[in-house]
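A.B. asks: Fold the following.
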Amino acid sequence: MQKLADNDRAIRGCRPKWGQTRTRWTIDGRKGLYVDVSVKPNAPTDETQRERDDFRRVYYWRDQRKGGGFVRLDDVERLSLAQAWKSATDRAANVTLRGRRAGRVTFGSLFDDWLKRHAKPNKKSWEADDALYKRHIKKHLGNAVVSELKRGDYVDVLDKIARVASGIQANRSQALITAVLNWAVAEDKIDDHPARGIRKRAKEKSRDRVLSADEIKKWWVALDEQATPRMARLLRLLLLTGVRLSEACGMARAEIQGDLWEIPGERTKSGLPHVVPLAQTAAEIVAAAIAEAGESAFVFPAFDRHRMMEQAVTRHAPDRAYARIAVKLEFVDTDGKPNTGIHDLRRTMATNLGRLGISTEMIDRVQGRGARGSKVSGIYNRHEYLAERRDALECWEREVRRIVGQKPT
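C.D. replies: Residues are numbered from 1 along each chain as shown. Purely as a prediction, here's the structure:
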């Protein structure tokens with residue numbers, strides 16, 4: 001079978017092979033996409049007299065994995081190569097999901113396709129979505145045929161998650177389920193779904209928990225007894241710098257430049273680089289973590305049964321450690337569950353900086369919260385107000401040392 005160059009000009013000008021009235025061409029690098037070119041009935045019989053408009057060119061698609069027949073897409077004159085390729089790849093994805101039995105799409109296959117085609121390219125939190133699915137949703141819906149699921153089936157699943165885990169986890173699961181199904185409808189994988197508008201399993205409140213000075217002292221001291229040295233360093237660094245948990249967990253050795261921690265934009269919520277001046281205690285924590293990490297590219301590498309892995313620690317380990325220590329210190333509600341979460345460290349720092357006289361704008365700059373001005377200016381001005389940010393972080397570190405009973409530096 002003949003091959004065409006991978007561009008619109010070659011495709012719109014192609015002809016049948018010499019001596020033939022019809023040729024089906026493949027396109028270089030576009031597996032499964034074909035151009036069928038044939039001579040029009042009113043074209044000259046002499047091949048040397050035929051012009052470009054004497055031929056009809058049609059895009060076809062064929063699923064190579066299934067050995068299926070050819071499916072007509074549209075005339076070349078009405079579709080660009082990019083449009084034809086998108087149509088072909090969408091059809092290929094649809095075959096992968098539906099298989100031979102139309103309408104037998106499982107939720108698990110939809111989720112896998114959503115994760116690959118939407119979440120990974122567009123969401124920084126895709127790993128958290130994947131973990132949530134595997135932890136709470138897969139066992140209930142992974143093999144369920146979507147067209148057979150009723151509204152009550154989704155309600156039953158969410159109720160089970162609420163009982164086993166919590167109402168908040170059920171809410172997060174509901175949001176993920178709905179996101180996957182809405183994407184599937186938009187991509188024409190399914191016709192519709194009944195999961196819209198289901199009541200939340202738990203009422204959520206905006207958290208405003210701030211650790212008191214006494215709680216900070218108890219928590220800081222407890223880290224030496226209730227956490228590994230590695231985890232204690234990570235948790236203390238969160239309080240001292242006010243960075244987000246994902247930013248601290250993913251800290252790379254290459255991001256540390258002297259006493260500056262330069263977080264690249266692809267790892268920040270705002271999408272902009274964020275530079276964190278490291279005050280003395282924070283710098284000592286990072287230095288000790290790097291020494292323990294050895295040759296790892298990450299400052300806080302993950303461990304599997306005392307074996308260092310070639311990846312950063314996940315957010316779940318410090319999150320669980322924080323919750324476990326909170327229970328030990330009786331930072332709990334009447335039901336015995338922690339009344340504080342790891343994000344409260346960031347809020348505690350911000351609140352105390354305000355109490356120490358640091359402006360709200362400077363607190364936002366210290367914590368890398370939001371972007372001011374254009375994205376371009378944010379990239380080029382990542383060292384803006386660096387001295388002021390350093391002063392704020394050193395002020396906070398002195399306050400923490402005073403609270404926990406350490407001699408100020």
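A.B. asks: OK, contacts around Ala43?
C.D. replies: With contacts defined as CB atoms under 8 Å, 6 or more residues apart in numbering, the neighbours of Ala43 are 50, 54-55. The way it works is simple: take the backbone N, C-alpha and C, and place the C-beta from them, glycine included.
A.B. asks: mind checking the SS state of it?
C.D. replies: Here Ala43 is recorded as coil under DSSP: H, G, I helix; E, B strand; the rest coil.
A.B. asks: Could you tell me which of the contacts of Ala43 count as buried?
C.D. replies: In the contacts of Ala43, burial by neighbour count holds for 50, 55, counting by 16 or more other CB atoms under 10 Å.
A.B. asks: Dump the contacts of Ala43 to a markdown table, plus pLDDT, distance to Ser147 and secondary structure.
C.D. replies: Below are those laid out as a markdown table (pLDDT from 0 to 100; distance: CB to CB, whole Å; DSSP: H, G, I helix; E, B strand; the rest coil):
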| residue | pLDDT | distance to Ser147 | secondary structure |
| --- | --- | --- | --- |
| Arg50 | 87 | 50 | coil |
| Asp54 | 88 | 47 | helix |
| Phe55 | 91 | 43 | strand |
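A.B. asks: any chance of the contacts of Ala43 in a markdown table, plus distance to Val313?
C.D. replies: Formatted as a markdown table, the contacts of Ala43 follow (distance: CB to CB, whole Å):
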| residue | distance to Val313 |
| --- | --- |
| Arg50 | 67 |
| Asp54 | 66 |
| Phe55 | 61 |
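A.B. asks: what's around Lys218, how many residues?
C.D. replies: Counted by other CB atoms under 10 Å, the residues lying close to Lys218 total 17.
A.B. asks: just for the stretch 251-400 of the chain, where's the confidence low?
C.D. replies: 370-383 (pLDDT under 70).
A.B. asks: how about the strands in it?
C.D. replies: Secondary structure of the stretch 251-400 of the chain, counting by DSSP state E, counting those that start in this stretch: strands at 256-257, 260-263, 274-277, 301-304, 307-312.
A.B. asks: mind checking the SS state of Thr178?
C.D. replies: Thr178 ends up helix, using three-state DSSP.
A.B. asks: follow-up on the earlier one: looking at the strands of the stretch 251-400 of the chain, which is closest to Glu127?
C.D. replies: Checking the strands of the stretch 251-400 of the chain against Glu127 by CB to CB gives strand 307-312 as the closest, at 10.9 Å.
A.B. asks: Identify each buried residue in that closest one, please.
C.D. replies: For strand 307-312, by 16+ other CB under 10 Å, it's Ala312.
A.B. asks: Go ahead and name everything in contact with that strand.
C.D. replies: Contacts for strand 307-312 (CB under 8 Å, 6+ apart): 249-252, 293-294, 296-298, 300-303.
A.B. asks: ok, now with 6 Å
C.D. replies: 249-250, 298, 301-302 (CB atoms under 6 Å, 6 or more residues apart in numbering).
A.B. asks: The nearest residue to Thr360 once chain neighbours are set aside: neighbour count?
C.D. replies: Distance criterion CB to CB, 6 or more residues apart in numbering; nearest residue to Thr360, sequence neighbours excluded, is Gly354 at 6.9 Å. Residues lying near Gly354 (other CB under 10 Å) number 13.
A.B. asks: just the strands of the stretch 251-400 of the chain: most buried one?
C.D. replies: Across those, the average number of neighbours (mean count of other CB atoms under 10 Å) peaks for strand 274-277, which reaches a mean of 23.
A.B. asks: That one packs against which elements?
C.D. replies: On a contact count with 3 or more CB pairs under 6 Å, 6 or more residues apart in numbering; DSSP states H and E, strand 274-277 meets strand 260-263, helix 386-404.
A.B. asks: May I see the buried residues of the longest one?
C.D. replies: Neighbour counts using 16+ other CB under 10 Å place 388-394, 396-401, 403 of helix 386-404 among the buried residues.
A.B. asks: Just name the closest of the residues you listed to Trp85, please.
C.D. replies: Closest to Trp85, out of all of those and judged by CB to CB, is Arg389, at 47.6 Å.
A.B. asks: residues in contact with the closest one?
C.D. replies: Arg389 touches 277, 365-366, counting by CB under 6 Å, 6+ apart.
A.B. asks: before we move on, which element is Leu73 in?
C.D. replies: Taking DSSP states H and E as the criterion, Leu73 maps to strand 71-75.
A.B. asks: Can you tell me the strand partners of that strand and which way each runs?
C.D. replies: Note on strand 71-75: by DSSP bridges, its sheet partners are strand 55-61 (antiparallel).
A.B. asks: can you pull the alpha-carbon coordinates of the strand it pairs with into PDB?
C.D. replies: Output in PDB follows, covering the C-alpha atoms of strand 55-61 (Å, rounded to 0.1, in the frame of the first residue of the first chain):
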ATOM      1  CA  PHE A  55      -9.900  13.100  -8.700                       C
ATOM      2  CA  ARG A  56     -12.000  12.400  -5.600                       C
ATOM      3  CA  ARG A  57     -10.200  12.000  -2.400                       C
ATOM      4  CA  VAL A  58     -11.800  10.600   0.800                       C
ATOM      5  CA  TYR A  59     -10.500   9.900   4.300                       C
ATOM      6  CA  TYR A  60     -11.100   6.500   5.700                       C
ATOM      7  CA  TRP A  61     -10.300   5.000   9.200                       C
END
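A.B. asks: Now do that strand: distance to the chain's middle.
C.D. replies: In this view, strand 55-61 has its centroid 39 Å away from the chain centroid, taken as CA atoms, centre = their mean, to the nearest Å.
A.B. asks: Let me see the residues that make contact with that strand.
C.D. replies: So strand 55-61 is contacted by 15, 32, 34-38, 40, 70-73, 75-76, 79, 84, 88, 91 (CB under 6 Å, 6+ apart).
A.B. asks: All good on my end, thank you.
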